[in-house]
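>>> What follows is a predicted structure for the sequence shown.
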Amino acid sequence: MNLISSKIDEMKDDLIESVQNIIRIKSVEDEPKEGMPFGEGVSKSLECALEISKKLGFKVVNLDGHVGYAEYGDGEEYVAALGHLDVVPEGDDWIYPAYGAEIHDGKIYGRGTTDDKGPIMASLYGLKAIKELGLPLSKKIRIIFGTNEETGSKDIEYYLEHEKAPVAGFTPDAEFPIINGEKGITIFDIVKTFGEKTTDGDVLVESIKGGIASNVVASLCETKLKAKEANKICEEISKFAKENNIKFEVSHKNDEIELKVFGVSAHGSIPEKGINAIMQTIKILAELNLAQEDIKTFVKFLNDNIGEDVYGEKFGILLQDEASGKLSFNVGVIDLNDKVGRLTLNLRYPVTKTLDDMMTPFNERIKGTGIEIENFEHQKPLYFSPDHPLIKTLKNVYKEETGKEGELMSIGGGTYAKEMPNIVAFGPIFPGEPDVIHKPNEYIKIDDLILISKIYAKALYELAK
């Protein structure tokens with residue numbers, strides 16, 4: 001298929017320009033307006049993608065601003081590349097403007113260059129190469145432009161209400177080689193209401209607040225305590241925290257104590273890469289002689305059954321498989337006062353296991369503790385066997401284009417592949433390359449942009465021929 005490669009090389013400058021044009025549109029979700037369900041910037045970005053597609057000679061469809069697509073070919077069935085045009089907020093610390101799409105040292109810089117505007121444009125130009133060469137197809141090919149991947153995937157819900165799903169395809173929104181498994185994800189709160197009974201303990205807990213989201217390892221947890229001998233308690237806390245290598249600040253004014261514990265943030269799907277400030281706080285509090293009986297019991301339960309374990313082993317829910325490894329257990333948020341304690345958990349279980357495999361022992365463990373589960377959300381795992389035709393095709397294409405084996409991977413995160421049937425995540429980040437998504441100074445190397453366009457063109461052709 002050197003013809004495809006040559007054709008994409010010819011279109012290199014056009015592809016770069018199209019990527020730059022779409023990066024210059026800030027497409028963070030915003031207030032909805034008429035015909036713009038995810039705000040003005042996202043809508044402009046979709047219009048821009050469809051305008052580029054139209055100029056390249058494709059039929060285009062805009063589904064009421066929720067999602068759009070470019071289409072080529074004939075037939076009842078279609079295969080697809082599904083990407084997204086919405087981006088996360090740019091944040092600070094950029095060397096070059098986040099929406100400048102400037103080129104420096106062979107890289108295009110800007111929010112969305114890798115996640116996911118660059119890759120979906122590369123897919124579009126891959127389809128243009130197929131069209132220009134007039135390659136024979138037995139199915140239609142669509143490049144689908146999603147607009148709500150970062151904040152809920154409501155776009156795909158809308159798409160599937162109006163269109164049938166592709167028979168095969170990929171989302172260029174993770175990493176290479178091929179992701180054939182995505183863990184099951186649950187997010188829920190565990191809640192305990194406290195009675196007023198106190199013992200002869202010498203510390204009262206007024207509040208504990210920590211963490212920003214279920215899917216982030218908490219890097220800060222702040223606790224307010226009350227004790228008659230505040231100075232002595234502060235010394236106890238300091239001694240224990242230092243012995244256990246916990247980063248902290250503690251101070252007191254009269255009988256009021258303020259404790260701050262500092263952890264290390266990481267994505268909730270890989271909690272082992274972080275240090276959880278919430279659970280370190282619980283570890284400290286479990287050492288103190290707390291006066292409120294229910295809070296003392298709750299703290300002990302959390303310390304004994306979760307502690308700093310990130311695999312659910314202490315909770316009795318450790319699950320693992322060969323395809324995706326161990327369950328991950330993240331305590332993302334705590335909000336506790338003297339009346340009620342609430343922790344938001346993010347648990348991700350292996351691809352060959354079921355929700356019941358995890359929740360049956362979980363419920364068994366909290367039985368009789370007065371702990372309730374609230375706000376339960378669940379996303380099933382995704383798994384394609386190594387023998388699946390889609391996986392085999394993508395493996396062959398990857399090897400042909402890169403010379404390297406198309407190894408299979410499972411991830412704890414979730415992509416569009418969970419929302420859209422019959423697709424898997426395929427690229428765009430190559431093994432060993434830094435992961436720049438959602439970070440300041442996001443970029444895509446121009447050489448990689450051209451190579452992924454060739455890989456995606458070949459993949460679409462092989463799936464549709």
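Structure received.
>>> ranges for the strands of the stretch 301-450 of the chain?
320-321, 325-326, 328-337, 340-349, 372-379, 382-383, 408-411, 423-425, 428-429, 443-445 (DSSP state E, counting those that start in this stretch).
>>> closest one to residue 167 among these?
With CB to CB, the closest approach to residue 167 among the strands of the stretch 301-450 of the chain belongs to strand 423-425: 9.9 Å. In short, each C-beta sits where N, CA and C put it, glycine included.
>>> mind giving me the domain split of this structure?
What automatic domain parsing lists as the domains of the chain is 2-182+382-464, 184-379.
>>> could these be laid out in TSV, adding mean neighbour count and mean pLDDT?
TSV is the format used below for these (neighbours: other CB atoms under 10 Å; pLDDT from 0 to 100):
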stretch	mean neighbour count	mean pLDDT
domain 2-182+382-464	20	96
domain 184-379	18	96
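>>> hmm, back to that, including distance to residue 307, could the strands of the stretch 301-450 of the chain go into a markdown table?
Shown next, in a markdown table, are the strands of the stretch 301-450 of the chain (distance: least, CB to CB, whole Å):
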| stretch | distance to residue 307 |
| --- | --- |
| strand 320-321 | 19 |
| strand 325-326 | 16 |
| strand 328-337 | 10 |
| strand 340-349 | 13 |
| strand 372-379 | 20 |
| strand 382-383 | 30 |
| strand 408-411 | 26 |
| strand 423-425 | 33 |
| strand 428-429 | 34 |
| strand 443-445 | 40 |
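>>> Compare these and give me the one nearest residue 171.
Proximity to residue 171, assessed across these by CB to CB, is greatest for strand 423-425 (5.2 Å).
>>> my guess is residue 302 meets residue 336, correct?
No. Counting by CB atoms under 8 Å, residue 302 stays clear of residue 336, with 10.1 Å between them.
>>> Touching, residue 197 and residue 293? I think so.
Yes. Counting by CB under 8 Å, residue 197 touches residue 293, with 4.6 Å between them.
>>> Skipping adjacent residues, who's closest to the residue minimising distance to the centre of the chain in space?
Geometric centre of the chain, nearest residue: residue 413, 4.8 Å, by CA atoms, centre = their mean. Counting by CB to CB, 6 or more residues apart in numbering, residue 413 lies nearest to residue 269, which is 4.9 Å off, once chain neighbours are set aside.
>>> residues in contact with that neighbour?
Applying CB atoms under 8 Å, 6 or more residues apart in numbering to residue 269 gives the contacts 183, 215, 328, 330, 346, 348, 411-413.
>>> just curious, which of those residues is nearest to residue 47?
The closest of the contacts of residue 269, once distances to residue 47 are taken by CB to CB, is residue 413, at 29.2 Å.
>>> what about the closest one, distance to residue 186?
14 Å (CB to CB, to the nearest Å).
>>> residue boundaries of the strands in the stretch 101-250 of the chain?
Using DSSP E, counting those that start in this stretch, strands in the stretch 101-250 of the chain cover 103-104, 107-109, 140-146, 168-171, 174-175, 178-182, 184-193, 204-210, 220-226, 247-253.
>>> For residue 6, which of the ones you listed is the nearest?
For residue 6, the closest of these is strand 140-146, at 19.7 Å, according to CB to CB.
>>> Please tell me I have it right and residue 334 contacts residue 222.
No. With contact defined as CB under 8 Å, residue 334 and residue 222 do not form a contacting pair (9.9 Å).
>>> circling back to that earlier point, with distance to residue 207 added, can I get the contacts of residue 269 in CSV?
Converted to CSV, the contacts of residue 269 look like this (distance: CB to CB, whole Å):
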residue, distance to residue 207
183, 33
215, 23
328, 28
330, 22
346, 22
348, 29
411, 36
412, 31
413, 32
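>>> Out of these, which is nearest to residue 288?
Nearest to residue 288 among those, with distances taken as CB to CB, is residue 330, at 24.9 Å.
>>> now that closest one: how far from residue 309?
In this view, residue 330 and residue 309 are 11 Å apart by CB to CB.
>>> next one: residue 105
When distance is defined by CB to CB, residue 105 is 43 Å away from residue 309.
>>> cool, residue 86 as well?
Residue 86 is 35 Å from residue 309, where distance means CB to CB.
>>> before we move on, what about residue 295?
Residue 295 sits 22 Å away from residue 309, going by CB to CB.
>>> Then residue 56?
Using CB to CB, one gets 52 Å for the distance from residue 56 to residue 309.
>>> re earlier: can you check which of the strands of the stretch 301-450 of the chain gets nearest to residue 114?
strand 443-445 (4.9 Å).
>>> What strands flank the closest one, and is each parallel or antiparallel?
Next to strand 443-445 in the sheet, as set by DSSP bridges, lie strand 107-109 (antiparallel).
>>> List of residues touching the strand it pairs with?
Under the criterion CB under 8 Å, 6+ apart, residues 16, 19-20, 23, 94-96, 100-103, 118, 441-446, 449 lie in contact with strand 107-109.
>>> Take those residues and keep only those in helices.
Within those, residues falling in helices by DSSP state H are 16, 19-20, 23, 118, 446, 449.
>>> would JSON lines of those with distance to residue 407 be doable?
Formatted as JSON lines, the ones in helices among the contacts of strand 107-109 follow (distance: CB to CB, whole Å):
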{"residue": "16", "distance to residue 407": "30"}
{"residue": "19", "distance to residue 407": "28"}
{"residue": "20", "distance to residue 407": "33"}
{"residue": "23", "distance to residue 407": "30"}
{"residue": "118", "distance to residue 407": "23"}
{"residue": "446", "distance to residue 407": "26"}
{"residue": "449", "distance to residue 407": "23"}
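>>> Which single one of these is nearest to residue 112?
The nearest member of these to residue 112, counting by CB to CB, is residue 23 at 5.6 Å.
>>> What separation is there between that closest one and residue 160?
Residue 23 sits 28 Å away from residue 160, going by CB to CB.
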